[in-house]
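**Q** my questions are about this predicted structure, shown below with the sequence.
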Amino acid sequence: MTASNAGLASPTRPAVLWGLVVGIVTLVAAPLFWWLDLSMTYALTITLIAAVYVGFAVADGRPNVIVIEAVVASLFVVLATVAMTESAWLLVIGYVAHGLKDLWQHRSHYVANTRWWPPFCCAVDWLVAGGLAIMIVSGVGFH
């Protein structure tokens, strides 16, 4: 490992590992809300995840960043809302798409001072997307 890689690997590895832990907790915890359809629980979760970037944008302070992140979060709200009534596969697409947004954020640093959040969030997003895909294909929990 080179000196330049050492600086990247150190903060990224724990963020990804904690993201995997939170992703597992997210998958396991959703059925605890037995009175809600799983689609609704996972849809609410992705809207919460997307909204975190609005908070980072506000902390960043640039009005254009705040507006763009609010619009992006709103798009995830629309996707989640449609997924609740149409197809849980839209949730899988949403979590994968949000993970791609995390990767873009990690590389571009569009929203300032997110440091560990994008790799953490990407790990959560993609683990949940994979878990949801397995659940859907196996016929567990979704109508």
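**A** Cool, the structure landed.

**Q** and the helix or strand hosting Leu20, what's buried?
**A** For Leu20, the enclosing helix or strand under DSSP states H and E is helix 3-29. For helix 3-29, the neighbour count (16 or more other C-beta atoms under 10 Å) marks Thr12, Ala15, Val16, Gly19, Val22, Gly23, Thr26, Leu27 as buried. The way it works is simple: take the backbone N, C-alpha and C, and place the C-beta from them, glycine included.

**Q** and which of those residues is nearest Leu75?
**A** Ranked by distance to Leu75 (C-beta to C-beta), these are led by Thr26 at 20.6 Å.

**Q** how deep is the residue nearest to the closest one when sequence neighbours are not counted tucked in, by neighbour count?
**A** Closest residue in space to Thr26, ignoring its immediate chain neighbours: Val128 at 5.4 Å, by C-beta to C-beta, 6 or more residues apart in numbering. By other C-beta atoms under 10 Å, 27 other residues sit near Val128.

**Q** surely Val128 meets Ala43?
**A** No. Applying C-beta atoms under 8 Å as the test, Val128 and Ala43 come out as separate, 11.6 Å apart.

**Q** mutual contacts of those two, please.
**A** Both Val128 and Ala43 lack any common contact, where contact means C-beta atoms under 8 Å, 6 or more residues apart in numbering.

**Q** most centrally placed residue in this protein?
**A** Asp125 (3.9 Å; C-alpha atoms, centre = their mean).

**Q** please report how far that one lies from Tyr95.
**A** In this view, Asp125 and Tyr95 are 5 Å apart by C-beta to C-beta, to the nearest Å.
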